[in-house]
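Asker: the following comprises the amino acid sequence and a computationally predicted model.
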Amino acid sequence: IVENSQLSANSISECLERLNEIDMLKYDKESQQVLVLYPLSSIPCPHQVHLKGEKSVYAMWAGGAIAVPIVYGAGTEAHITSICTHCHQPITFGMEINEEGTIGIGEQIPLLREWDPLPTKEDRSFPHFIDHFWLRVHFFCSEEHFKEWKDSRPDERGFLITFEQSVSICRTFYGNFFDF
């Protein structure tokens, strides 16, 4: 970052530490690496987003994979790969963000499991955030797979949402997330 900016190393370090404190990213001061910039992760995750004309990136959770193209905005085309949490088969689908909204492309538009209840502000602390989002929001390739997975885990709370509902949640959450 220092090489590509006009700021001193100390200023950049202070800025990253402040962004870490307000939960905008996860910065490891010791290694001087940004580990997470929501919804992106430098740590390999099961959800990959391949942005057209760009390199592939990891998303922290299933909803984050849908959020990445939304964060990039209109004109973004992406191909997302992940797995069904129940059968572990690949799930792939595309997204195109245009001026009118988000369009899912491809035949496998996934269903996502969300948690219930929604997380509190305290739940957004790291690593608790990872427990709620990364480990508790999943793709399923069918309603049947969600039901079978849920039936095998009677203590799990949560519900199924559609691709369109997830897009709406991501737009709401990330629409102002980077405004500060």
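Answerer: Thanks, I have the structure now.
Asker: the residue nearest to Gly75 when sequence neighbours are not counted: neighbour count?
Answerer: The shortest distance from Gly75 to any residue other than its chain neighbours is 6.8 Å, reached at Ile97 (Cβ to Cβ, 6 or more residues apart in numbering). Backbone N, C-alpha and C define where each C-beta goes, glycine included. Using other Cβ atoms under 10 Å, Ile97 has 19 neighbouring residues.
Asker: so Ile97 sits in a strand?
Answerer: Yes. Under the criterion used here (DSSP: H, G, I helix; E, B strand; the rest coil), Ile97 sits inside a strand.
Asker: partner residues bridging it?
Answerer: Thr102 (DSSP bridges).
Asker: from what I can see it touches Tyr72, true?
Answerer: Yes. Between Ile97 and Tyr72 there is a contact under Cβ atoms under 8 Å: 7.0 Å.
Asker: helix, strand or coil for the most centrally placed residue in the chain?
Answerer: Nearest residue to the geometric centre of the chain (Cα atoms, centre = their mean): Gly64, 1.4 Å. What three-state DSSP gives for Gly64 is helix.
Asker: next SSE after the worst-scoring helix or strand of the chain on mean pLDDT?
Answerer: When each helix and strand of the chain is scored by mean pLDDT, DSSP states H and E, helix 128-133 comes last, with a mean of 47. Per DSSP states H and E, the first helix or strand lying C-terminal to helix 128-133 is strand 138-140.
Asker: if we can go back for a sec, for the residue nearest to the centre of the chain, give me the pLDDT.
Answerer: With respect to pLDDT, Gly64 scores 86.
Asker: likewise for Ile1?
Answerer: So, for Ile1, pLDDT stands at 69.
Asker: swap in Leu135?
Answerer: Leu135 is assigned a pLDDT of 55 by the prediction.
Asker: same check on Trp61?
Answerer: Trp61 is assigned 83 on the pLDDT scale.
Asker: that one touches Val137, doesn't it?
Answerer: Yes. Checked against Cβ under 8 Å, the pair Trp61 and Val137 is within contact range at 4.4 Å.
Asker: compare those two (neighbour count), which wins?
Answerer: Trp61 (26 against 23).
Asker: give me phi/psi at the more buried one?
Answerer: Dihedral pair for Trp61: phi -150, psi 170, per degrees, to the nearest 10.
Asker: could you do Ile83 as well?
Answerer: Ile83 adopts backbone torsions of phi -140, psi 150, taken as degrees, to the nearest 10.
Asker: where exactly do the helices run in this structure?
Answerer: With DSSP state H as the definition, the chain shows helices at residue ranges 9-21, 62-72, 128-133, 143-151, 163-175.
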